[in-house]
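# A predicted structure for the sequence below; I have some questions about it.
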Amino acid sequence: MEICIGTPPVSVLGIADTVSDLTWVQCKPCEEGYEQKTPLFDPRKSSTYKNVPCGSNSCNALDSSDRVCNQEQNACENSYSYGDRSFTKGNIALEKFTIGVFTRSPVSFPNLVFGCGHNNGGTFDYVGSGIVGLGGGPLSLIKQLESNINADAVSTPLVDKDPSTYYRVTLEAVSV
């Protein structure tokens, strides 16, 4: 999925993940990372980047096993790992996301919560810049954009599963 983050907007290509909630990208400075095609996101060059403080609702929305508080900077940090042993560690931040920036009608969403990964690794290939979390939890891109979705829009209803971050889509037909 191609999205743009920051101001000015930087194009990133995220791997759509329907199980994970947190959207994250590799960021500068990068202590450990995997090779990627596009430049790393540099939060210092974005005028809309803001670290999320410890104890905030956004920080507390992460599972307690996935969050760390950097007391010195009062910054919420994440430590996420996946079943294939891939991982990301970095800051939880707020940033402006823009969809369709290279079209005539781009749409921007300010202050979306995402992970700015400074230590990442695993089975990622060089095409992706990170993960776009489309799970059912409070930090997923779907949940964060929920209030911005036009009531006239047509969408596929998802069936809630247990735990709440999982959902199922039943494919009934394909037409060309």
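Great, that's in hand.
# tell me the contacts of the residue most central in space within the chain?
For the chain, the residue sitting closest to the mean C-alpha position, by CA atoms, centre = their mean, is residue 23 at 1.2 Å. Shown in contact with residue 23 (CB atoms under 8 Å, 6 or more residues apart in numbering): 14, 112, 114, 115, 130, 131, 132, 133, 139, 140, 141. Where you see a C-beta, it was placed from the backbone N, CA and C, and this is true even at glycine.
# tell me the first helix or strand C-terminal of the longest strand belonging to the chain.
Using DSSP state E, we find that the single longest strand of the chain is strand 107-121. Once the chain leaves strand 107-121, the next helix or strand it forms, by DSSP states H and E, is strand 130-133.
# who are the packing partners of the helix or strand just after that following strand?
Next helix or strand after strand 130-133 toward the C-terminus (DSSP H and E): helix 141-145. Packing partners of helix 141-145 (3 or more CB pairs under 8 Å, 6 or more residues apart in numbering; DSSP states H and E): strand 107-121.
# buried residues, the strand it packs on. List them.
Within strand 107-121, the residues scored as buried using 16 or more other CB atoms under 10 Å are 112, 113, 114, 115, 116, 117, 118, 120.
# my read: the fourth one touches residue 80, true?
Yes. Applying CB atoms under 8 Å, one finds residue 115 in contact with residue 80, separated by 7.0 Å.
# anything in contact with each of those two?
22, 24, 88.
# nearest to residue 42 among the residues you listed?
residue 24 (14.9 Å; CB to CB).
# and the closest one, what is it in contact with?
78, 80, 88, 90, 114, 115, 116, 117, 130, 131, 133.
# from those residues, pick the one nearest residue 5.
residue 114 (7.2 Å).
# hang on, residue 59 in a helix?
Yes. Per DSSP: H, G, I helix; E, B strand; the rest coil, residue 59 lies within a helix segment.
# name the nearest residue to it, sequence neighbours excluded.
residue 76 (3.5 Å; CB to CB, 6 or more residues apart in numbering).
# tally of neighbours for the one you found?
Residue 76 has 25 neighbouring residues, counting by other CB atoms under 10 Å.
# right, I'll call it a day here.
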